[in-house]
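Trainee: Below are the sequence and a predicted model for it; my questions follow.
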Amino acid sequence: MKKKSLNILKSGLCKLFWFLFILESLYIIYTLAPKECEPIITLNQDFVQLSGPNLIREGQESAFYKINVNQDLKQDLNITLAYSGTAESGVDFVATKKVTIKKGELSTSFRIKTIDDPLAEFNEEFAVKIATVNGKSFLNEFKISNPNNIIYTKILDEKKPKNSDKDSVHVSINGAKSVYENSKRSDYRVELSHAAADDIDLNISYSGEAEFGVDYIAPKNITIKKGEKSATFTLKILNDNYKEKKESVEIFISDFDDIGFEDIRYKTSRLTIDIIDEKKPKDAVILKLKADKKVLENKKITYTLSTKKTLESDITLKFKVISKDANRYPDSLKAILLKGTNKVSFELLVKDDNLLEKRQRIDLKLLSIESEGYELVKLKVLNKRTKVYDNMKDSSTPAEIKFLLESDKKIYEDSKELKLSLKSSQTLLRNMIFYVKYTGTAKRHTDFNAPSKIFMKKGQNESTLIIKLIDDNILRSKNLNITLSTKNSGGFEKIDLQKMVSFTILDEENKHPDQAAYISLSGPKTISEGKSALYKLSLTQKLEADLTVNFTYSPNAEQDMNISNSFVIEKGLKNKIFSIPTLDDEEAENVKSFTIELDSVKGGGLETILIDEKSKIETSITDEVDIKKLFQKVVASQKIVFEYAKDSIDEKSFSTLDEIVQLLNRFPRANLIVEGHTNSAGNRHRNLKLSKRRARSVKQYLLDKGVDKKRLASVGYGQYRPMVPDSNPKAQELNKRVEFKVNY
């Protein structure tokens, strides 16, 4: 039933089409047939007649029209034309508004130029008629008796050219030829080279690798509005995480309603668009990495890599092991998640060492992610850091670190210092302090100076212990033992520290005089008969053993002395006092002398003992006398006199002072104090000063005579120490004096 109805509908539409075609053909024939012009004036009038074509084609340059008169003109005839119809002046044609028939002529011609456009207007028509006439013939004025003096002219659309020309309307599709997935949308435009005469509907089709509804969404029809030259539509890009690199979609106009234009041509009817994977993808496959939280050295760390969804493509990850001992691990660690899976485990063996880290960390640093099928893969680390603890019980721990002290075993005192190298078989990971203990016969601060600690810094494997040797004059070799200990291990689990090293410090082979001990002799220059002369042996260094000292004497005094040719200085001493008694006799020998001199030494426990230049003493033996009485006797014989109120010595006193000089020379052990005194006459302060000046004058006289300065002293007492009460002139004369105090 449905098929029969459809056939009837098709038959009716076909008949209707042929009917309309015949009707339109008849209309065109009618319009092209020439029409008869009705008379415009009566026979007894001068008349004006208009003629011209009834049909012209758009694009022709012009149509010719003619105006005739039936009488000769005695003046110019001015004619005004008027237009009407569906064709519009200035849009479809260019109207001529006025014409003139010259005097003596019977006609004139004018043109109406058509305006070519791309619009398909089919049959437009315009009418031109004579509106007014102004002029005369030889007989009458010209008049228009019939207002319908008019020519109807149809303008036909130009024929469609074989090739595009200026009136062809071009259709094109414009827009970006490549878009990124993450751009979300992109606007495209269908453009006409001429504004639409009416609404135009377009059907848009799509084809290519990219799938509609999967990779993009776009409209399938759009409309260009009347009077507009373009319409815009949006291509919405759908984002995914698959790595297609580049997919293409082709946009083309599949159907175009061309009513309204004479000639429509496609400038760009198809546009191929590449949909490119986004540069910075946002949608990602999230992988999760989890590791063991803690593990012992020489054990394996297990890592687990997983994702929620089953993979459509393999994913390969490369990691770098981050550790203090990263050089002991491979350059990269690879993990592959295979297509069709969502989980994989991989392991890393923790290297064992002798380092005392207590706790260290091993991290994984992501180097790269490779995937053929996904744009973006991200790694989410749940726990990538593993704490590694020392495995102290593991017997496979590498050998312990050794520390050794190295130096020559035999050292001489005069080498100044002993330089010992403390070497480690491996560079330290932490600072170390070694405590040094010294034992043996060599004593610290006596035979050597040395630090109690040795420092070895992190990053080093050697340090130096410098022992400053003290070169002494003691005759003995010494043994030195050095013991090391430490409280830390320099960052190692096990260390082997050399416990003790021993050295022998020998006396130098070549003795140095500047280090020798010197022995000297001192004693009296004079001694009275019957008394013992005390002598002193002095050493610059304490003895390490008993020292025997041998003397020699001059022979001329042996009968006056008890002589011993040697003395012993005991160990540990630096000085020895001994006495040589003199023999008293009744003979008046005046002065005798003898010489005692150091001859040689033996023993002492020192390397070198030298006899000082001061090893020879000459001693005078005098008869037994009272020296003080001799000085008093000289002073009592002649008083020391000065000029009045001055410190200048009177010449009368020079002989007395010379006798004093002789006594001082006779008794070289005698020392003298010169005392000045005044009486109470005058000012006591002036008297005190005067007594001091006079005592100094006497001292200076004695010095000028060659008396040793060390044996003399002077003092002034003024009037404060009178000999007798200062009550009369005689007493005052006695109190004004110089006295000599002798020390022997």
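Mentor: Here it is on my side, so go on.

Trainee: How about residues contacting the strand or helix carrying Thr108?
Mentor: Taking DSSP states H and E as the definition, one finds Thr108 inside strand 107-114. The set of residues external to strand 107-114 that reach it, using Cβ atoms under 8 Å, 6 or more residues apart in numbering, is 56-69, 92-96, 99-102, 128, 153, 155. The way it works is simple: take the backbone N, C-alpha and C, and place the C-beta from them, glycine included.

Trainee: If we use 6 Å, what do you get?
Mentor: Surrounding strand 107-114, the residues in contact under the criterion Cβ atoms under 6 Å, 6 or more residues apart in numbering are 58, 60, 62-68, 93-94, 96, 99, 101, 155.

Trainee: now swap in stretch 630-644 and tell me
Mentor: If you take Cβ under 6 Å, 6+ apart as the criterion, stretch 630-644 is touched by Asp650, Lys652, Ser653, Thr656, Glu659, Leu663, Arg694, Val738, Phe740, Val742.

Trainee: Any buried residues in it, and which?
Mentor: Of the residues in stretch 630-644, those with enough neighbours to count as buried (16 or more other Cβ atoms under 10 Å) are Leu630, Phe631, Val634, Val635, Ile640, Phe642.

Trainee: Surely Tyr152 is in a strand?
Mentor: Yes: counting by DSSP: H, G, I helix; E, B strand; the rest coil, Tyr152 is located in a strand.

Trainee: Dig out what it forms beta bridges with.
Mentor: Ala127 (DSSP bridges).

Trainee: what's the neighbour count on it?
Mentor: When neighbours are defined as other Cβ atoms under 10 Å, Tyr152 has 17 of them.

Trainee: looking at it, it is touching Val128, isn't it?
Mentor: No: under the contact definition of Cβ atoms under 6 Å, Tyr152 does not touch Val128, with a separation of 8.6 Å.

Trainee: Just the buried subset of the contacts of strand 107-114, please.
Mentor: Among the contacts of strand 107-114, those classed as buried by neighbour count (16+ other Cβ under 10 Å) are Glu58, Ala63, Tyr65, Ile67, Phe93, Val99, Ile101, Ile155.

Trainee: If we only consider the contacts of stretch 630-644, which is nearest to Ile474?
Mentor: Of all the contacts of stretch 630-644, Ile474 sits closest to Val742, with 47.0 Å by Cβ to Cβ.

Trainee: Which residues are in contact with the closest one?
Mentor: Ile627, Lys628, Phe631, Ala670.

Trainee: If we use 8 Å, what do you get?
Mentor: Contacts for Val742 were tallied using Cβ under 8 Å, 6+ apart; they are Ile627, Lys628, Phe631, Ala670, Asn671, Leu672.

Trainee: what sits opposite it in the beta ladder?
Mentor: Under DSSP bridges, the beta-bridge partners of Val742 are Leu672.

Trainee: mind checking how far it is from Ser345?
Mentor: Applying Cβ to Cβ, to the nearest Å, the value for Val742 to Ser345 is 116 Å.

Trainee: circling back: of the contacts of Val742, select the buried ones using a PyMOL command.
Mentor: Typed into PyMOL, the next command selects the buried ones out of the contacts of Val742 (criterion: 16+ other Cβ under 10 Å):
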select buried, resi 627+631+670+671+672
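
Trainee: now the contacts of Val742 in CSV, with pLDDT and distance to Gln498?
Mentor: Output for the contacts of Val742, formatted as CSV (pLDDT from 0 to 100; distance: Cβ to Cβ, whole Å):
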residue, pLDDT, distance to Gln498
Ile627, 70, 75
Lys628, 72, 77
Phe631, 78, 79
Ala670, 83, 71
Asn671, 89, 68
Leu672, 90, 73
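
Trainee: In TSV, list the contacts of Val742 along with distance to Ala231.
Mentor: Shown next, in TSV, are these (distance: Cβ to Cβ, whole Å):
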residue	distance to Ala231
Ile627	152
Lys628	153
Phe631	152
Ala670	147
Asn671	142
Leu672	145
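
Trainee: which among the contacts of Val742 gets closest to His170?
Mentor: Relative to His170, the closest of the contacts of Val742 is Asn671; by Cβ to Cβ it sits at 145.4 Å.

Trainee: how near is that closest one to Val698?
Mentor: Here the distance between Asn671 and Val698 works out to 15 Å (Cβ to Cβ).

Trainee: Cross the contacts of stretch 630-644 against helices and list the overlap.
Mentor: Judged by DSSP state H, helices contain the following of the contacts of stretch 630-644: Thr656, Glu659, Leu663, Arg694.

Trainee: Flag the least confident of the residues you listed.
Mentor: For the ones in helices among the contacts of stretch 630-644, the least confident position by pLDDT is Leu663, scoring 84.

Trainee: ok, now which ones touch that residue?
Mentor: Leu663 sits in contact with Ile627, Leu630, Phe631, Val634, Ala670, where contact means Cβ under 8 Å, 6+ apart.

Trainee: ok, which pair from these is furthest apart?
Mentor: Maximum pairwise distance in the contacts of Leu663, criterion Cβ to Cβ, is 12.6 Å, between Val634 and Ala670.

Trainee: chain center to the strand holding Thr108, what's the gap?
Mentor: Averaged C-alpha coordinates place strand 107-114 at 93 Å from its chain's average position (Cα atoms, centre = their mean, to the nearest Å).

Trainee: got it, and stretch 366-377?
Mentor: 34 Å.

Trainee: buried set for that stretch?
Mentor: Judged by neighbour count (16+ other Cβ under 10 Å), stretch 366-377 contains these buried residues: Ile369, Ser371, Gly373, Tyr374, Glu375, Leu376, Val377.

Trainee: which pair in those spans the largest distance?
Mentor: Top of the distance list for those (Cβ to Cβ): Ile369 and Gly373, 12.4 Å.

Trainee: list the helices and strands the helix or strand containing Val568 packs on?
Mentor: Using DSSP H and E, the element containing Val568 is strand 566-569. Applying 3 or more Cβ pairs under 8 Å, 6 or more residues apart in numbering; DSSP states H and E, one finds that strand 566-569 contacts strand 532-539, strand 547-553, strand 575-581.

Trainee: Name every strand pairing with the last one and say which way it goes.
Mentor: What it means is strand 575-581. Partners of strand 575-581 in the sheet, by DSSP bridges, are strand 532-539 (antiparallel).

Trainee: So for the partner strand, mean pLDDT?
Mentor: 84.

Trainee: And stretch 111-125, by the same measure?
Mentor: For stretch 111-125, the mean pLDDT works out to 76.

Trainee: Report the distance from it to the chain centre.
Mentor: On Cα atoms, centre = their mean, the centre of stretch 111-125 falls 83 Å from the chain's centre.

Trainee: Next: stretch 658-673.
Mentor: Averaging C-alpha positions (Cα atoms, centre = their mean) puts stretch 658-673 88 Å from its chain's average.

Trainee: ok, then the element right after the lowest-mean-pLDDT helix or strand in the chain?
Mentor: Taking all helices and strands of the chain together, the one with the lowest average confidence (mean pLDDT, DSSP states H and E) is helix 2-32, at a mean of 61. Toward the C-terminus, helix 2-32 is succeeded by strand 48-51 as the next helix or strand (DSSP H and E).
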